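[1] sharing a model that was predicted from the sequence below.
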Amino acid sequence: MAPGATAILVAHFRRTYDRVLRVVDDLSEAQLGWRPTPRAHSIGWNLWHLARWTDHLQASVPSMTAVLTERLGPARQIWAADELAARWGLEASELGQHETGMLMADEGAARLALPTRDVLFDYLRRAFPAAERAIGAIDDVELTRPNALELAGNPSSRLTVGDAVTAHLEHNSRHLGEIECLRGLLGLPGTATQ
């Protein structure tokens, strides 16, 4: 029997997350913070943003349909539960949409004082599996249902749960590409050349 659409998406999420973790595993603190220009994002910023947006997704999935709420129960972001903004000394109002870095000004991103490599990687390693678990609870029927979170803001929305999941996968892939490019500028190989 061929795998369903959700199983394929979960496999792609896992592969993307594995690639992200593999491509940054050898980087030093200095390499994580390096920027080729004053307004460019660092690899560290990209990792923080990937973890934040992924954490946001995993906490949002249960609210997308009544069935997902029943399957997953209430969810909370690791970011909020562990009060990471406060623990890391970050001002929540400066972190963009939903404190994820989305729509954050380049200047603000450049000033963002991220935690040490190990602390940032710990967050990544907790956010990625949480999202994989949430996405794994979506079956092929739920994938095609209207996303209640989108409907709440726009009653005429035609966006589905599947639209949210695939948009997130595309988003992660774009940031993985940005990380790969920054590695190249550092003179390091990426996953395509390893």
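    Thanks, I have it.
[2] what sits against residue 186?
    The contact partners of residue 186, taken as Cβ atoms under 8 Å, 6 or more residues apart in numbering, are 31, 34. Glycine gets a C-beta too; all of them are placed from N, C-alpha and C.
[3] show me where the chain has its helices.
    In the chain, the helices defined using DSSP state H lie at 5-24, 29-33, 43-60, 66-72, 78-81, 84-87, 106-111, 117-136, 140-143, 148-153, 161-185.
[4] ok, the closest residue to residue 34 other than its chain neighbours to residue 89 distance?
    Of all residues not flanking residue 34 in the chain, residue 42 sits nearest, at 6.0 Å (Cβ to Cβ, 6 or more residues apart in numbering). Note on residue 42: its distance to residue 89, by Cβ to Cβ, to the nearest Å, is 17 Å.
[5] pLDDT weak spots in the protein?
    For the chain, residues meeting the criterion pLDDT under 70 lie at 1-3, 191-194.
[6] residues contacting stretch 145-164, please?
    With Cβ under 8 Å, 6+ apart, stretch 145-164 has contacts from 5, 57, 60-61, 63-68, 138, 142-144.
[7] most surrounded residue in these?
    Among those, residue 61 has the most neighbours (other Cβ atoms under 10 Å), with 28 neighbours.
[8] which residue sits closest to it in space, ignoring its chain neighbours?
    Closest residue to residue 61 apart from its sequence neighbours, by Cβ to Cβ, 6+ apart: residue 134 at 3.9 Å.
[9] do residue 104 as well
    residue 96 (3.3 Å).
[10] ok, the one you found - contacts?
    102, 103, 104, 108.
[11] which of those are buried?
    residue 104 (16 or more other Cβ atoms under 10 Å).
[12] and the contacts of residue 96 as TSV, adding distance to residue 72?
    Below are the contacts of residue 96 laid out as TSV (distance: Cβ to Cβ, whole Å):
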residue	distance to residue 72
102	23
103	27
104	28
108	33
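[13] in strands, which of the contacts of residue 96 fall?
    Using DSSP state E, no member of the contacts of residue 96 falls in strands.
[14] now the two most distant members of the contacts of residue 96.
    102 and 108 (11.9 Å; Cβ to Cβ).
[15] rewinding a little: can you list the contacts of stretch 145-164 in JSON lines and add distance to residue 188?
    Shown next, in JSON lines, are these (distance: Cβ to Cβ, whole Å):
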{"residue": "5", "distance to residue 188": "35"}
{"residue": "57", "distance to residue 188": "29"}
{"residue": "60", "distance to residue 188": "34"}
{"residue": "61", "distance to residue 188": "34"}
{"residue": "63", "distance to residue 188": "40"}
{"residue": "64", "distance to residue 188": "38"}
{"residue": "65", "distance to residue 188": "42"}
{"residue": "66", "distance to residue 188": "47"}
{"residue": "67", "distance to residue 188": "44"}
{"residue": "68", "distance to residue 188": "40"}
{"residue": "138", "distance to residue 188": "36"}
{"residue": "142", "distance to residue 188": "40"}
{"residue": "143", "distance to residue 188": "37"}
{"residue": "144", "distance to residue 188": "41"}
